[in-house]
Each structure stands twice: as structure tokens, then as C-alpha cells.
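Q: Sequence plus predicted model, see below.
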Amino acid sequence: MKMTRAVSCQGFFATCILAAVILKPASAIWCYQCRSTDHKNPFQCGEYMTSDISIEPLDCKALDNAQYCVKQTGRFEGGLGTRRFCSSHDLGNYCNYIKQPGDSLEYRSCVYTCSTDGCNAANVRQPTIHMFLCSLLLAGLYYRLY
């Protein structure tokens, strides 16, 4: 009887850990929201953010159904620069070479989309492989206990 209760208790805790890893609380994502063209905070939103910046990720609750953080580099709004923002759509991860009418050069423009708090600070990929391996490990542990 005690052995069954111990296994049930271990199974319960394994289930709780698995749920904590997989389930996400219902709150808005927090993203860096800035533009490199902002004259009030110059050099705070460049393509590569350094550790000495003073900006922090902000709550995206003002955007309905915000689930993604985006970093866009290259051409936007008629100029060159970087902007970081919240999005309700997955814009993907890609780069294009753009030549506008009147330009003599092509400019590389990239979009990076991610879905964790503050993830649009750099060119980071979503930690999907880590989540998959962790889930696989916990599923194996759960299977072994039952």
C-alpha cells in the first residue's frame, strides 16, 4: 500500500512539473519596444544591444492578443535602422535585399520573431529544441513511474 502511494505521489509531482513546463500563464508577453531612430534615446536600440543599455522589455497588453516579439533591421519607414515591437502575428524569420527606387545600393532587411519575454533583444531563436528535449525527458520519467 505504501509503495503504491509513493509511486502515485511521484506521478503527481511529475505531472505537475510537466504541466509547469508546457503550460504558459495567461498574461501578455513583454517585449523590447524601441526604434534606433528615436532621438530621445540614441544608441539604445541598435541592431546589437549591449549590456549597458537602459531600456527594458515592456508589457504588450496594449496590443490585443500580442504573442510575439519582433526585431526588424534594415529598411523601414523610409530609412535605415532597427526597431523592436510587439505583434499578434508570427512574422517569421527571414532576410531580404531591398533596393528602393532612387537607391544606388541594395540594403539587407531582416525580421526575427520570437515568443518569450524580452526575446527580441538579439538574433535569438525560440528555445523549441530545449522545450522538446525537456518534455521528452519528463515524459520518459512519467512513463517509467507508471
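A: Alright, I've got the coordinates.
Q: can you pull out the helices in the protein?
A: 2-22, 128-145 (DSSP state H).
Q: Ranked by average pLDDT, which of those helices falls at the bottom?
A: Lowest mean pLDDT within those: helix 2-22, a mean of 55.
Q: neighbours around residue 94, how many?
A: Neighbour count for residue 94, taken as other CB atoms under 10 Å: 10. Placement of C-beta: from N, CA and C, glycine included.
Q: again with residue 48
A: Neighbour tally, residue 48, other CB under 10 Å: 9.
Q: ok, now the one 4 residues further on?
A: When neighbours are counted by other CB under 10 Å, residue 52 registers 7.
Q: now residue 69
A: 27.
Q: was I right about it contacting residue 28?
A: No - with contact defined as CB atoms under 8 Å, residue 69 does not reach residue 28; the gap is 11.1 Å.
Q: so what's in contact with those two at the same time?
A: residue 60 (CB atoms under 8 Å, 6 or more residues apart in numbering).
Q: low-confidence ranges in the chain?
A: 1-26, 123-134, 142, 146 (pLDDT under 70).
Q: quick one, strands of this protein?
A: 30-31, 34-35, 58-59, 68-76, 79-87, 94-98, 107-114 (DSSP state E).
Q: Tell me which of the ones you listed is the most buried.
A: strand 30-31 (a mean of 24; mean count of other CB atoms under 10 Å).
Q: Adjacent strands (with direction) for it?
A: strand 58-59 (antiparallel) (DSSP bridges).
Q: any idea how far residue 95 is from residue 49?
A: 19 Å (CB to CB, to the nearest Å).
Q: Kindly report the same for residue 73.
A: For residue 73, the distance to residue 95 - CB to CB - is 8 Å.
Q: Find the nearest non-adjacent residue to residue 58, please.
A: residue 33 (5.0 Å; CB to CB, 6 or more residues apart in numbering).
Q: and that neighbour, how far is that from residue 106?
A: 28 Å.
Q: just residue 121 next, same as before
A: 27 Å.
Q: For these two, indicate the residue with more neighbours.
A: residue 121 (17 against 12).
Q: my guess is residue 35 meets residue 44, correct?
A: No - counting by CB under 8 Å, residue 35 does not reach residue 44; the two are 9.4 Å apart.
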